[in-house]
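Novice: Here is a sequence with its predicted model. Questions after.
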Amino acid sequence: ARTGSFSDGSGKAFPHLLPGRCLPRIPIGIDAMLGRFAAVAIVLSAFAAGVSIFWLQEYHYYDEVDPTGREITLVDIAGGGPVPVMAEDVAMIDADSSPIRFRACFRLARPVSDLAGEYEGYDGAEPLTAPRWFDCFDAVEIGRALEDGRALAFLSEEGVADGVDRVVAVMDDGRAFAWNQFDKSITDGAATFGTGRN
């Protein structure tokens, strides 16, 4: 290795500039600090956006509804139209932003076995999730109960909005739930579009 010093001709020696020697470490400058601040700002902005989206989905779009004067109906097989049924402990939420945000929890005094022969059932019932704070409505539990026969689904009202039906699911313990979902004209059309069939 070469030893000695490097001179610029003025008689001053600069041993740190000899070939083969590492340059001294340069302190972090203002550019690096600005880069760090920018990275932190991006992370904080993403976090704030996530919190905002969560708040909008969980709270902003839903309102609790006073059930007074709001009837729970089922479609009578004999009459062909929705008729009110006696419901207790009713809790409801809804929103103006979408026709499928309605949810309700309640109890029916009549056993579900009595309802099956009197009111119209509903094929393809798919309970939609509710905001976490409306914890009486557990879409996963309702869906599993419908699958294993612990609950039956009924048509509450057809066409509450364009292409939307209101559905009621009644559990074998008397608990009942209502929600709005797209009817078969919408879901079948979506499936046809997805498969490329006319």
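Specialist: On my side now, so go ahead.
Novice: shouldn't residue 170 be in contact with residue 116?
Specialist: No - using CB atoms under 8 Å, residue 170 is not in contact with residue 116, being 9.1 Å away. Quick note: C-beta positions are derived from backbone N, CA and C, even for glycine.
Novice: quick one: common contacting residues for the two?
Specialist: Common contact partners of residue 170 and residue 116 (CB atoms under 8 Å, 6 or more residues apart in numbering): residue 152.
Novice: Helices of the chain, residue ranges please.
Specialist: Under the criterion DSSP state H, helices of the chain are mapped to 30-55, 112-116, 139-148, 184-195.
Novice: quick one: contacts for residue 114?
Specialist: If you count contacts by CB under 8 Å, 6+ apart, residue 114 has none.
Novice: low pLDDT regions in this protein?
Specialist: Scanning the chain for pLDDT under 70 picks out 1-29, 31-32, 37, 44-60, 186-198.
Novice: Swap in 90 and give it another go.
Specialist: Within the chain, the stretches falling below the threshold (pLDDT under 90) are 1-63, 67-70, 78-81, 95-98, 109, 117, 184-198.
Novice: With neighbour numbers in mind, choose between residue 170 and residue 116.
Specialist: residue 170 (27 against 13; other CB atoms under 10 Å).
Novice: tell me the contacts of that one?
Specialist: Shown in contact with residue 170 (CB under 8 Å, 6+ apart): 108, 112, 115, 151, 152, 154, 176.
Novice: what do you get for residue 102?
Specialist: Per CB under 8 Å, 6+ apart, neighbours of residue 102: 92, 93, 94, 95, 160, 166, 178, 179, 180.
Novice: go with 6 Å
Specialist: Going by CB atoms under 6 Å, 6 or more residues apart in numbering, residue 102 touches 94, 180.
Novice: Break down this protein into its strands, ranges please.
Specialist: Along the chain, counting by DSSP state E, strands occupy 63-65, 73-75, 82-84, 87-94, 103-108, 151-161, 164-171, 175-182.
Novice: could the ones you listed be laid out in a markdown table, adding distance to residue 145?
Specialist: Converted to a markdown table, those look like this (distance: least, CB to CB, whole Å):
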| stretch | distance to residue 145 |
| --- | --- |
| strand 63-65 | 24 |
| strand 73-75 | 18 |
| strand 82-84 | 23 |
| strand 87-94 | 18 |
| strand 103-108 | 14 |
| strand 151-161 | 4 |
| strand 164-171 | 6 |
| strand 175-182 | 9 |
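Novice: between those, which gets nearest to residue 134?
Specialist: Residue 134 lies closest, by CB to CB, to one member of the strands of the chain: strand 87-94, at 5.4 Å.
Novice: Can you list the buried residues in the closest one?
Specialist: Neighbour-count burial for strand 87-94 flags 87, 90, 92, 93, 94 (criterion: 16 or more other CB atoms under 10 Å).
Novice: In its sheet, which strands sit next to it, and in what direction?
Specialist: strand 63-65 (antiparallel), strand 103-108 (antiparallel) (DSSP bridges).
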